[in-house]
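Novice: model this:
(one chain, ligands or ions: 2)
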Amino acid sequence: MNILILGSGGREHALARKIRQSTLCSTLFIAPGNAGTSTAGENVAIAADDFDRIGSFCIEKKIDLVVVGPETPLVLGIRDYFETHPQLQSILLVGPGKTGAQLEGSKDFSKQFMVRHGVPTAKAKTFTADESNQALSYLDGCQAPIVLKADGLAAGKGVIISSSISEAKQAITEMLVHKKFGEASTKVLIEEFLDGIELSVFVLTDGEHYVVLPEAKDYKRIGDGDTGPNTGGMGAVSPVVFADQAFMKKVETQVIIPTIAGLKKDGIAYKGFIFIGLMNIKGEPYVIEYNARMGDPETEAVMTRIDSDLVALLKACAKGELKDKKIQINPHYAVTVIMASGGYPDHFEKGHVISGLDSAQAHVFHAGTSRKGSQVITNGGRVLAITGNAPTLEGAAQQAYETVNKISWKDAYWRKDISRDLAQIEKNKGI
Ligand code: AMP
Ligand code: GLY
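Specialist: Ligands and ions are numbered 1, 2, ... in the order given. Model (predicted):
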């Protein structure tokens, strides 16, 4: 098959590496890709949301399968574009249509979806700009901490957790009245705070059947010990020690099955990944959010644990043939450490030369990199995702950090504690 991956991050490099390994893959393109993806396939200088150019490229190169990495093309309706274009209709595509992508694109839509289909989630109420006074009086009846969520996509910044009601009132006024997140905050959800441990569960579905990928834990804050501002994710670990068999069974029966049945009931033909952000509260799963794609950096951990041919699964997903498909997962631990540009998630510099890439033992997935002659240079906030794999959590972390320590550029930054909390839980459990 001729395959095109859309996107340019560490997630896309991890997907590219896994797809390249498949005997079903003849040529692989990544648009626009990064310095790492160019070692797995051919980079194409087309933005992931430039549908006209993507469409022409697919016709020219006889692409059989398109795998959409990030959310923006999905929310903008890339599937709908392909389905309505006579020359693109027959191309297989992994990713939901515009309506399905609303599970990620609108927090109000996804909350209503969960309530309608009995998926456990935090209680919430939505307010529009016209209802800002009602929102303020509603807050009077709430308890802190309280969560405020901009309805639309806000580059991962649209969630505010307020530690007092007065702080929440100020924040909701900024969001609704002063349009802090632009269009994304024309509606805001006021949501109950869930106190538990977070994890990410990934499902590949054809709208009827599904396979469950390895789960992962993400490390969202910039600083060690989960301190400082939120980021796109500073590390990931898979498997997750507190997601034992009993918990994952509950996730399947209480969350995954009702979600897929709900999509079907609502007439939403969904072919793609569903990323379920979950809170484990005393062994019970609650959905924090859905995303219509894989997670980043979770993918860089998860892909190294899949032994099955990923292309066979992606093809079955896009063709509606996932029934009876099984996924082979290896029991090894994967620990991913993000190496970021100093200053991220605020201001950071680009263009620094990266050295030590050749001495790596662990997997080195590129996120924000580009080539300058024979050199690889930094080109983003999150620069590399380093994944160690080993039979033990400690071994996987050690392998990842040994590689991290061999790679350098000016002002490189990384968290030193990825997996430490999980190692502690394992120790307490006597695993
Ligand atoms: P989201 O953009 O929905 O992923 O939210 C970003 C982060 O905010 C989540 O990953 C959680 O860490 C946190 N969060 C969101 N909703 C809640 C909630 N109801 N209770 C506690 N934390 C939450
Ligand atoms: N790692 C979180 C995300 O991809 O949204």
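
Novice: Can you tell me the SS state at the closest residue to residue 325 other than its chain neighbours?
Specialist: Nearest residue to residue 325, sequence neighbours excluded (Cβ to Cβ, 6 or more residues apart in numbering): residue 316, at 5.2 Å. C-beta here means a position set from N, CA and C on the backbone, and glycine is covered the same way. Secondary structure, DSSP: H, G, I helix; E, B strand; the rest coil: residue 316 is helix.

Novice: didn't residue 407 look like it was pressed against residue 353?
Specialist: No: if you go by Cβ atoms under 8 Å, residue 407 and residue 353 don't touch, sitting 11.5 Å apart.

Novice: Extract the C-alpha trace of stretch 417-429 and format it as CSV.
Specialist: Presented in CSV, the C-alpha positions along stretch 417-429 are these (Å, rounded to 0.1, in the frame of the first residue of the first chain):
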residue,chain,number,x,y,z
ASP,A,417,11.3,11.9,37.3
ILE,A,418,9.3,10.3,34.5
SER,A,419,8.0,6.9,35.8
ARG,A,420,9.2,7.6,39.4
ASP,A,421,5.6,7.8,40.8
LEU,A,422,4.6,4.6,39.2
ALA,A,423,7.8,2.8,40.5
GLN,A,424,6.7,3.9,43.9
ILE,A,425,3.2,2.5,43.5
GLU,A,426,4.7,-0.8,42.2
LYS,A,427,7.0,-0.9,45.3
ASN,A,428,4.0,-0.3,47.6
LYS,A,429,2.0,-3.0,45.9
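
Novice: Centre of the chain to that stretch, how far?
Specialist: 23 Å (Cα atoms, centre = their mean, to the nearest Å).

Novice: Going by neighbour count, list what's buried in it.
Specialist: 417-423, 426 (16 or more other Cβ atoms under 10 Å).

Novice: And stretch 226-240, by the same measure?
Specialist: 231-240.

Novice: And the furthest pair within those residues?
Specialist: 231 and 239 (22.7 Å; Cβ to Cβ).

Novice: burial measure for residue 209, as a count.
Specialist: 16 (other Cβ atoms under 10 Å).

Novice: Around ligand 1, pick out the residues from the stretch 51-200 of the chain.
Specialist: Along the stretch 51-200 of the chain, the residues adjacent to ligand 1 under the rule Cβ under 6 Å from any ligand atom are 122, 147, 159, 161, 191, 193-194, 198.

Novice: Which of those ranks first by neighbour count?
Specialist: Most neighbours among these, by other Cβ under 10 Å: residue 191, with 22 neighbours.

Novice: Next, that one: phi, psi?
Specialist: phi -130, psi 140 (degrees, to the nearest 10).

Novice: wait, what's in contact with residue 92?
Specialist: Contacts for residue 92 (Cβ atoms under 8 Å, 6 or more residues apart in numbering) come out as 64-66, 315, 318-319.

Novice: bridging residues for it?
Specialist: As for beta bridges, residue 92 partners with residue 65 under DSSP bridges.

Novice: what does the stretch 1-150 of the chain have sitting close to ligand 2?
Specialist: Neighbours of ligand 2 within the stretch 1-150 of the chain, by Cβ under 6 Å from any ligand atom: none found.
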